[in-house]
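Enquirer: Output the structure for:
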Amino acid sequence: MTSVDLTGFQTPGRGRGVLDVFNHGYLLRLLIRKGTATRYRNSVLGWTWSYVKPAAQFFIYYFVMGVVLQFHRDVENFAIYLFAGVVAINLFNEAFGNATHSIVDNRALVRKIYLPRELFPISTIIIALIHFLPQVAILLLACILVGWTPTVLSIGAFVVGLVIVLMMSLGLGLLFGALNVRYRDAQNFVEIIRMLSTWASPVLYTIVMVQTALPEWAFRIYMLNPLTTAVELFHYAFWAPTTSTPTETLAPSIVGDIFLSLGICAVLIVIGQLVFRRFERSFAQDL
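Expert: Numbering: from 1, shown residues only. Below is the predicted model:
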């Protein structure tokens with residue numbers, strides 16, 4: 001009996017997880033175009049909301065922390081410091097939140113055809129990155145006005161910080177995106193994490209204040225949060241060059257914290273992928 005060569009085929013419903021996304025670039029681009037086109041459909045202001053919402057958030061934080069609590073007296077160029085942290089956290093909150101709802105929001109496609117389900121959370125994270133760009137543009141303009149000049153280190157810090165935020169969003173997005181299909185309580189945990197993200201990172205306060213207030217062991221636990229490292233890298237990239245002492249703005253252990261944060265994010269992606277693969281078998285039935 002002649003054997004049939006099946007090397008070019010895959011078992012239906014089985015794939016390589018996140019790696020399969022690279023083989024479905026066309027579908028990924030379609031999902032991204034759909035997400036960006038429908039985000040502000042039937043909206044009068046449209047893409048202007050990408051500027052208005054972070055601007056309103058910044059002014060509220062600046063009024064409370066800068067004007068009421070007078071933090072602007074202790075932090076040089078406090079407005080730049082604050083906004084650099086805000087845009088980093090906003091990217092995480094939007095990417096993580098969108099990834100969590102991505103499977104449920106695309107239930108019609110999930111129930112009808114098979115395609116790598118990781119396409120949905122990854123596409124929403126890329127969409128969040130696209131809407132993050134206007135905020136960075138505003139931040140860059142403000143930095144340039146106060147004398148910011150780019151350096152290799154500042155650009156590198158921004159890129160590494162951005163990678164940490166996106167990796168953490170992907171890991172948690174895969175995890176809670178899968179859990180949210182079967183257990184809708186997951187979205188409540190997501191909202192708690194998003195609420196705490198602003199306060200658990202040095203956005204509204206400085207890392208020096210935390211280091212002074214906490215014992216060494218507690219401070220090391222605080223630094224285990226990858227978002228803390230990412231926010232500090234954003235500060236180094238945008239805020240530090242506008243200050244009189246840019247070399248003293250980062251924690252002494254920042255290099256070690258970078259590798260630790262990247263490692264933690266990699267572990268989160270592995271855990272998220274494993275949970276996602278475990279639950280995706282029943283996505284169609286649960287939806």
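
Enquirer: rest of the way, CA atoms for contacts and neighbours
Expert: Noted.

Enquirer: Please list all residues in contact with the residue most central in space within the chain.
Expert: Nearest to the geometric centre of the chain sits residue 92, at 2.6 Å (CA atoms, centre = their mean). By CA atoms under 8 Å, 6 or more residues apart in numbering, residue 92 lies in contact with 165-166, 168-169.

Enquirer: which among those residues end up buried?
Expert: Taking 16 or more other CA atoms under 10 Å as the criterion, what is buried in those is 165-166, 168-169.

Enquirer: Columns secondary structure on top of these, output as TSV?
Expert: Below are the buried ones among the contacts of residue 92 laid out as TSV (DSSP: H, G, I helix; E, B strand; the rest coil):
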residue	secondary structure
165	helix
166	helix
168	helix
169	helix
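
Enquirer: Now flag whichever of those is closest to residue 240.
Expert: residue 165 (19.6 Å; CA to CA).

Enquirer: I'd assumed residue 88 was in contact with the closest one.
Expert: Yes: the pair residue 165 / residue 88 is scored as a contact, 7.4 Å apart, by CA atoms under 8 Å.

Enquirer: overlap in contacts of the two?
Expert: With CA under 8 Å, 6+ apart as the test, residue 165 and residue 88 both reach residue 230.

Enquirer: What's the end-to-end length of stretch 64-80?
Expert: 15 Å (CA to CA, to the nearest Å).

Enquirer: Give me the contacts around stretch 184-201.
Expert: Stretch 184-201 has contacts (CA under 8 Å, 6+ apart) with 86, 89, 93, 97, 100, 176, 179-180, 204, 222, 225, 227-228, 231.

Enquirer: From those residues, which one has the minimum pLDDT?
Expert: Lowest pLDDT of the contacts of stretch 184-201: residue 204, 85.

Enquirer: Look at residue 184 and give its secondary structure.
Expert: Residue 184 ends up coil, using three-state DSSP.

Enquirer: how close does it get to residue 92?
Expert: Look at residue 184 and residue 92: by CA to CA, they are 21 Å apart.

Enquirer: the helices in the stretch 1-150 of the chain, which residues?
Expert: 25-38, 49-61, 78-105, 107-112, 119-145 (DSSP state H, counting those that start in this stretch).

Enquirer: pretty sure residue 225 is in contact with residue 261, am I right?
Expert: Yes: with contact defined as CA under 8 Å, residue 225 counts as touching residue 261 (7.2 Å).

Enquirer: More neighbours: which of those two?
Expert: residue 261 (25 against 19; other CA atoms under 10 Å).

Enquirer: residues contacting the more buried one?
Expert: Residue 261 touches 164, 224-226, 229, counting by CA under 8 Å, 6+ apart.

Enquirer: hmm, which of the residues you listed are the buried ones?
Expert: Using 16+ other CA under 10 Å, the buried members of these are 164, 225-226, 229.

Enquirer: how far away is the closest residue to residue 265 other than its chain neighbours from residue 55?
Expert: Excluding the flanking residues, the one nearest residue 265 by CA to CA, 6 or more residues apart in numbering is residue 168, at 5.1 Å. Going from residue 168 to residue 55 by CA to CA gives 24 Å.
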